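Peer 1: Need coordinates for the following:
(2 chains)
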Amino acid sequence: MPANLFPTGVEYFRILPEMILTIAGVLVMFLEAIFTNDDQRKIFGPLSIVALLAALVASISAAGDPGAAFSNMLIIDGFASFFRVLVIGIGVIAILSSTEYLRRENSPGGEYYALILFSIVGQCVMVTANELIMIFIGLEISSIASYVLAGYLRDDPRNNESALKYFLLGSFATAFLLYGVAWIYGLTGSTNLDHIRSALQTSTPPLALAGAAAALMFVGFGFKISAAPFQIWAPDVYQGAPAPVSGFLSVGPKAAAFAILLRVFMTAFGPIAARWEPIVWVCALATMIVGNFAALQQSNIKRMLAYSSIAHAGYVLVAVTAHSSIGSAAAMFYLAAYAFTNLGAFAVVTYLSRRGERYVAIEDFAGLSQRQPAMAAMLTIFLLSLVGVPLTAGFFGKFYIFKAALDANLFWLTVLGLLNSAVAAYYYLRILVVMYFKDPGDSLDTLEAPGIGLKIAVYASALGTLVLGIFPGWVLDIATRAALK
Amino acid sequence: MTTLLDAVLFLPLIGFFVLLLIPKSNPSLSRMAALVISLLIFVISLGLVSGVVPEGYAFVHDSEWISSPPIRYHVGLDGLSLWLVILTTLLTPISVLASWKHIDHRVKEFFAFLILLEFGLIGVFISLDLFLFYVFWEIVLVPMYFLIGIWGHDRRIYAAVKFFIYTFTGSVLMLAAIIFLYNRAGTFDYTQIVAQLQSGRLALSSQVEMILFLAFFIAFAIKVPLFPLHTWLPDAHVEAPTAGSIMLASVMLKMGTYGLVRFCLPLFPNAAHKSAPWVIALAVIGIVYGALVALVQPNMKKLVAYSSVSHLGFVVLGIFSFTQQGLDGAVYQMLNHGISTGALFLLVGYLYERRHSLEIAAYGGVATPAPNLAIVFLIATLASVGLPMLNNFVGEYLVLQGASYSNFSATVFAAIGVILSACYMLWLYQRTFYGKPSESLSHHMPDLSGREWAAILPLLLLMLWMGTYTQTFLPSISAQNARILDMSKQRPAGSEVANAR
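Peer 2: The predicted structure is shown next:
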């Protein structure tokens, strides 16, 4: 009993990343109150990055000693470590691409960095959670920070709309999740994922009720990963939120949400897989179709990337449908590949949108290749990766996912998914068309060279996209070893 | 172990990066560098000729790329791929020369993409790993997309996007089939899969085999292009700059026919035999339809483009005749078409540079101010028509002979295509070069320059060489084709084998 009340040292070691990030976030808030001039505030960006790098090192070293912590509430296994490293890495790139943006919008506040750090803490808790209440707590920490981030520029009506929609619909969906948790607790008497699994395996609670509980929880997760038909919020939120925040929201919380979706459905609901597989099948297909076909019509690049991110959630759901070890590894690889690609794309958009985000129509990119050839080339790499052209990360991501799907005999889902990716090629190519085939318009005259932080963010993302595309084996090996069985 | 083939493959990639490093402000340096690099690659690639052995793959390099799933960098060269590689390396410097003056904006990017295209094309022809093949197959799309889209004519954007989407759609289905094959065979390696199929260790039921065959076939048929999947081709050809048209017609279309020979036949022989009548019907329709449409084209490039649809129909006809002559003729015709259509696009490009029009009606009487151009154009025309002593005759004859063994009525219809090709090509020649030139035309029609001679002469010599001395090329092609035919014998279907056990 005392052992449970007083966690051992190794347990603290296992949640060191979360501790570092929380302390750093609180520190930033304190310093914000103490600092008086803007020069001092410049420290927040580097400080957050140092904290994230320290957390990164802590997560990697914690991965060497896997195990449970805090009475089995948290579990630090390969799967959790993979995602923890991923979301912290996402945080680094997100902050690098934000600094310049905040200065441009005259809002270099510390709370922005604190919120990003808190959001990442939430995501770390989510991916390490081994029990439904912890999942809920992590989700809330991450979500509340995200809601505020979406409305960070409070004088901008687009930000307000974005935050309000995100908050209202998000809370609504979380209620479903919580209701599902309550049902499961009622049925199995536990919120621990392993206990739920064995309860569903051995004693037989009414299967219809267990299925209904799983469905309720899927609604909650479906909202977070923007799966159809729960995707309605995503375009408005991504379009309205500050560009670097949109980039962050489209990969960070999404990766964490997929992590818990995979963990809950493959661990706890593994025994009733036959029940939920058809639902996820339909959902995956619908998500791909809705995302891709709606994206075809968009003229605003942020909105287009929002629909594209819905479509990509559909591809990952294909891997979830396969519910195998290979599928889990494929989803992990895909989320990592997608993180680099989309963060990079949003970083370029952040750079091009300029003050007040005035230039976010696709047409505003006309002739970019002639004014900023390097940035245009980088965006080309990201777009080709989103299309799924070989030698980019996106290609191998799709390849592994559809390979897993074929392994699981999901022939139709594979064929329809691949055809969907051909549809997607059209709207990504449209940006290439505008950048390379059109002559530059006057608006590009006001474009200044990108700042150092943004440059690092873009080049690092491009490097990641290419390395994962040419040597995917490194990450895939890790993912395969860490995959849920 | 690094081989000469690796050098030929990766030099273009290195050349691409070298070209990227040249400053934008110095276009003539970019041109020069592109020419030197592409010529160097060509000269090195000639070294491959002596190394090819009749009994298998030469210059094999097989090493691991990705450990799990086992994707290997496995390349090799045989009689089939050798000449296609040489064709690629030859036409790249010619395309560089063809673009020397024609391309005057964003010069550096143009040549960089052209050399990158060469990298992808060589990779397609030498990959012996299905996955590697698919990777190169897709890589080729990207530079070509930019070549058409940036430097093309008025409707270039439409053409570029159509080209990309068409090919991409076809190839994703091929990807699904490749993954499926992997899941069954446990390897992406082409040679191992063929060996497994032959030994019966890997048996596909006839239904599965047909679906896989179709997935590969549609991807290749779009690329060939086979009627009715050809509609992207006229757009792409007409809108592409000269160099783009040359590479597209001469080399990229061969990716499709090469794929049919290399993959569709040996991997899925039963399905290939079963669907042969349909494929031959489509090929013959393509031959006649392409020729008829070419006949009425007012635009020169469109005319040559539709003539490609017709000529490629012959290649497909030869492949699906399942005879040694037919297959030899088909492969020979791939090379012939590359040479003669490449030459025609080059010459049409010359005309365009002088008069800035592709409409046949804008010309007439060109022979008077530019007699050398007229003679050269005549030789290319006659080659394309299939005059004996020139290259196309050999290929067409072999295809028709081979096809006549297996499907005589198809041969008769295909022969009509030969007659029609004489009609549209000679009529084009007559309207363009004969008659009395208008005043304005005479002033803007200088004869061939030294650079233009340098680009066209190798092609003319090859037309003669390939038309008169087939010994240089055919033995290695035949040897490989015999092996392909051997692999493509009909096998008992998977279910029957299973029952027999």
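Peer 1: Please count neighbours and contacts with C-alpha atoms only from this point.
Peer 2: Will do.
Peer 1: I'd like the distance between the residue most central in space within chain A and residue A:125.
Peer 2: By Cα atoms, centre = their mean, the mean C-alpha position of chain A lies nearest to residue A:251, the distance being 2.5 Å. Using Cα to Cα, to the nearest Å, residue A:251 is found at 16 Å from residue A:125.
Peer 1: try residue A:443
Peer 2: From residue A:443 over to residue A:125 (counting by Cα to Cα), the distance is 44 Å.
Peer 1: Then residue B:177?
Peer 2: Distance of residue B:177 to residue A:125, given as Cα to Cα: 40 Å.
Peer 1: higher neighbour count, these two?
Peer 2: The neighbour count for residue B:177 versus residue A:125, taken as other Cα atoms under 10 Å in any protein chain shown, is higher for residue A:125 (27 against 21).
Peer 1: Within the helices and strands, which one has that one?
Peer 2: helix A:110-128 (DSSP states H and E).
Peer 1: what packs against that helix?
Peer 2: Contacts defined by 3 or more Cα pairs under 8 Å, 6 or more residues apart in numbering or on different chains; DSSP states H and E place helix A:110-128 against helix A:16-34, helix A:44-63, strand A:74-76, helix A:78-104, helix A:132-150, helix A:243-263.
Peer 1: Give me the buried positions along the top helix by length along chain B.
Peer 2: In chain B, with assignment by DSSP state H, the single longest helix is helix B:324-355. Within helix B:324-355, the residues that count as buried by 16 or more other Cα atoms under 10 Å in any protein chain shown are B:324-353, B:355.
Peer 1: Which ones, among these, also lie beside chain A?
Peer 2: The subset of the buried residues of helix B:324-355 within reach of chain A, counting by Cα under 8 Å from any Cα of the partner chain, is empty.
Peer 1: Longest strand in chain B, please.
Peer 2: Longest strand of chain B, by residue count under DSSP state E: strand B:58-66.
Peer 1: roughly how far is it from the heart of the chain?
Peer 2: Distance of strand B:58-66 from the chain centroid (Cα atoms, centre = their mean, to the nearest Å) equals 25 Å.
Peer 1: so what secondary structure elements neighbour the helix or strand in which residue A:413 is found?
Peer 2: Assigned by DSSP H and E, residue A:413 falls within helix A:411-432. Helix A:411-432 sits against helix A:273-295, helix A:301-322, helix A:373-387, helix A:393-407, helix B:156-185, with contacts defined as 3+ Cα pairs under 8 Å, 6+ apart.
Peer 1: Please see if the second one touches chain B.
Peer 2: No: using Cα under 8 Å from any Cα, helix A:301-322 never reaches chain B; the gap is at least 14.2 Å.
Peer 1: who in the stretch 351-485 of chain A is up against chain B?
Peer 2: By Cα under 8 Å from any Cα, the residues of the stretch 351-485 of chain A that approach chain B are A:389-391, A:402-403, A:406-407, A:414-415, A:418-419, A:422-423, A:425-426, A:429, A:433, A:436-437, A:471-473, A:476-477.
Peer 1: By mean pLDDT, point me to the weakest helix or strand of chain A.
Peer 2: Lowest by mean pLDDT, DSSP states H and E among the helices and strands of chain A is helix A:2-5, with a mean of 54.
Peer 1: same question, chain B
Peer 2: helix B:494-500 (a mean of 46).
Peer 1: residue contacts, residue 81?
Peer 2: No chain in the question, so chain A it is. Residues in contact with residue A:81 (Cα atoms under 8 Å, 6 or more residues apart in numbering or on different chains) are A:59, A:60, A:62, A:63, A:128.
Peer 1: Sorry, I should have been clearer: chain B.
Peer 2: Contact partners of residue B:81, counting by Cα under 8 Å, 6+ apart, are B:125, B:126.
Peer 1: Tell me the secondary structure of it, please.
Peer 2: Under DSSP: H, G, I helix; E, B strand; the rest coil, residue B:81 falls in the helix class.
Peer 1: follow-up on the earlier one: from the contacts of residue A:81, pick the one nearest chain B.
Peer 2: Distance to chain B across the contacts of residue A:81 (Cα to the nearest Cα) is lowest for residue A:63, with 22.3 Å.
Peer 1: hmm, back to that, now the helix or strand just after the longest strand of chain B: average pLDDT?
Peer 2: Scanning forward in sequence from strand B:58-66 by DSSP H and E, the next helix or strand is strand B:71-77. Mean pLDDT, strand B:71-77: 88.
Peer 1: for strand B:71-77, packing partners?
Peer 2: strand B:58-66, helix B:107-126, helix B:130-151.
Peer 1: Find the one among the ones you listed with the highest mean neighbour count.
Peer 2: Ranked by mean neighbour count, the helices and strands packed on strand B:71-77 are led by helix B:107-126 with a mean of 25 (mean count of other Cα atoms under 10 Å in any protein chain shown).
Peer 1: Would you mind naming the helix or strand containing the residue lying closest to residue A:302 once chain neighbours are set aside?
Peer 2: Excluding the flanking residues, the one nearest residue A:302 by Cα to Cα, 6 or more residues apart in numbering or on different chains is residue A:239, at 5.2 Å. Following DSSP H and E, the helix or strand that holds residue A:239 is helix A:233-240.
Peer 1: Quick one: residues in contact with that helix.
Peer 2: With contacts defined as Cα under 8 Å, 6+ apart, helix A:233-240 is touched by A:150, A:158-163, A:165-166, A:169, A:226, A:246, A:249-250, A:302-304, A:306-307, A:310.
Peer 1: pLDDT (mean, whole number) over it?
Peer 2: pLDDT averaged over helix A:233-240 gives 91.
Peer 1: how many degrees apart are it and helix A:301-322 in direction?
Peer 2: Comparing the axes of helix A:233-240 and helix A:301-322 via axes from the mean of the first three to the mean of the last three Cα atoms, to 10 degrees yields an angle of 150 degrees.
Peer 1: Off-centre distance for helix A:233-240?
Peer 2: Centroid separation between helix A:233-240 and its chain, computed with Cα atoms, centre = their mean, is 15 Å.
Peer 1: ok, now stretch A:436-455?
Peer 2: Distance, stretch centre to chain centre, for stretch A:436-455: 28 Å (Cα atoms, centre = their mean).
Peer 1: So for that stretch, first residue to last residue, what's the gap.
Peer 2: End-to-end span of stretch A:436-455 (Cα to Cα): 21 Å.
Peer 1: That one: which residues count as buried?
Peer 2: Across stretch A:436-455, burial judged by 16+ other Cα under 10 Å covers A:436, A:437, A:438, A:440, A:444, A:450, A:453, A:454, A:455.
Peer 1: Looking at these, which is nearest chain B?
Peer 2: Checking those one by one against chain B (Cα to the nearest Cα), the nearest turns out to be residue A:437, at 4.9 Å.
Peer 1: measure residue A:283 to residue A:327 for me?
Peer 2: 16 Å.
Peer 1: of the two, who's got more company?
Peer 2: The residue with more neighbours, out of residue A:283 and residue A:327, is residue A:327; 30 against 21, by other Cα under 10 Å.
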